[in-house]
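S.K.: Have a look; sequence and predicted model below, questions after that.
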Amino acid sequence: MAASASDSGLTPAQEERPRVLTGAASPGEEQYDPEGSGVRGTVRNADGSAVARAAVTLISQRGRQIGRSVAHADGSYVLDAPGPGSYVLIAGADGHQPQASTVVVGDVTLNHDILLTGTSRLTGVVRGSADGQPVPAALVVVTDVRGEVLATGRTGRLGDFTFSELVTGTFTLAVNAPGHRPAARPVEVDGQGVTRVEIELSAGARVHGTVRAVSGPLQDARVSLVDAAGNVVASSTTGEDGAYAFTDLDAGEYTVIAAGYPPVASALHVDGPGVDDFDIELRHPDE
């Protein structure tokens, strides 16, 4: 589909004109003489070091490729533009987060340095705290400081896990596995490279049972689990079979307290002969 004036301010003829491909070219790639102004600069890491072999591409606002360059050993690049206008500059390199920015080119070459953020790998192993054995199939979740999930995965047969392409920052690593208590810890990922961590999971104790009355299992009984300090660790309401269960418990001394509905007292006025209806509702205080 033919376009009139593009968003970059170029005529269709200008956009169709062959562009200069500056930097490393593929075998057999044709080179053209430079025309007009352009963009030049340096691609660097957050620590200021040059990013060699970074791919830098200049496109028009309509998405047409204007030029492509590969940064030299010192991180420098040069791209030619067909004329003044607004363009999009895209940069990317192995081990770095890609970046796109809008550049406005005038009659002279624009100096525009590019800062790429390096990515890192987070790898580690999950073990049981009691025996030190690997915990396979554990769910591992990485979240950022806002609590948003960035990556999830499961440990392998040897309890190992790996997450690639994480940017520098502080993250929370949460691990959960059947038969173990969940664990979470902060992880600091610094620059490029590999951050290694080891997570230990404690085996979670489980308590279950049945509350019975003389007539059989007692439904809707309130069961509370209290630790040695008197704190209510968990509470549960029995089902039709009178069963209750508590999971993911630390080893230690507990007290189990079971009770039916608390008593209800209501004032009642009876008027002469006949039958007066008076319904009573029993429930637990927090229902």
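M.R.: Everything's here; your move.
S.K.: can you give me the strands in the stretch 1-150 of the chain?
M.R.: 38-44, 55-60, 65-70, 76-80, 85-92, 99-105, 110-111, 114-115, 119-128, 139-143, 149-154 (DSSP state E, counting those that start in this stretch).
S.K.: What of the stretch 151-287 of the chain?
M.R.: So, for the stretch 151-287 of the chain - with DSSP E, counting those that start in this stretch - the strands run 160-167, 169-176, 183-189, 193-201, 205-210, 212-213, 216-217, 222-227, 232-237, 243-249, 254-259.
S.K.: Let me have those strands in CSV, extended by mean neighbour count, mean pLDDT and distance to T42.
M.R.: The C-beta positions use only the backbone N, C-alpha and C, and glycine is treated the same way. Putting these into CSV (neighbours: other CB atoms under 10 Å; pLDDT from 0 to 100; distance: least, CB to CB, whole Å) gives the following:
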stretch, mean neighbour count, mean pLDDT, distance to T42
strand 160-167, 16, 87, 21
strand 169-176, 17, 94, 25
strand 183-189, 14, 93, 25
strand 193-201, 15, 90, 23
strand 205-210, 13, 87, 59
strand 212-213, 12, 87, 78
strand 216-217, 12, 88, 76
strand 222-227, 18, 92, 61
strand 232-237, 15, 91, 59
strand 243-249, 16, 87, 53
strand 254-259, 13, 91, 64
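S.K.: returning to what we had before: how about the strands of the stretch 1-150 of the chain in a markdown table, adding mean neighbour count, mean pLDDT and distance to L166?
M.R.: Below are the strands of the stretch 1-150 of the chain laid out as a markdown table (neighbours: other CB under 10 Å; pLDDT from 0 to 100; distance: least, CB to CB, whole Å):
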| stretch | mean neighbour count | mean pLDDT | distance to L166 |
| --- | --- | --- | --- |
| strand 38-44 | 22 | 94 | 20 |
| strand 55-60 | 21 | 95 | 21 |
| strand 65-70 | 22 | 94 | 26 |
| strand 76-80 | 22 | 95 | 26 |
| strand 85-92 | 20 | 94 | 17 |
| strand 99-105 | 15 | 93 | 17 |
| strand 110-111 | 14 | 94 | 31 |
| strand 114-115 | 18 | 93 | 18 |
| strand 119-128 | 20 | 90 | 5 |
| strand 139-143 | 18 | 96 | 7 |
| strand 149-154 | 14 | 94 | 7 |
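S.K.: These: which one's closest to R212?
M.R.: strand 119-128 (35.7 Å; CB to CB).
S.K.: Going by the annotation, which residue ranges form each domain of the chain?
M.R.: 12-115, 119-201, 204-287 (automatic domain parsing).
S.K.: Now the terminal residues of the shortest one, how far apart.
M.R.: Read it as domain 119-201. 28 Å (CA to CA, to the nearest Å).
S.K.: Please apply the same query to stretch 147-166.
M.R.: Note: stretch 147-166 ends 15 Å apart using CA to CA.
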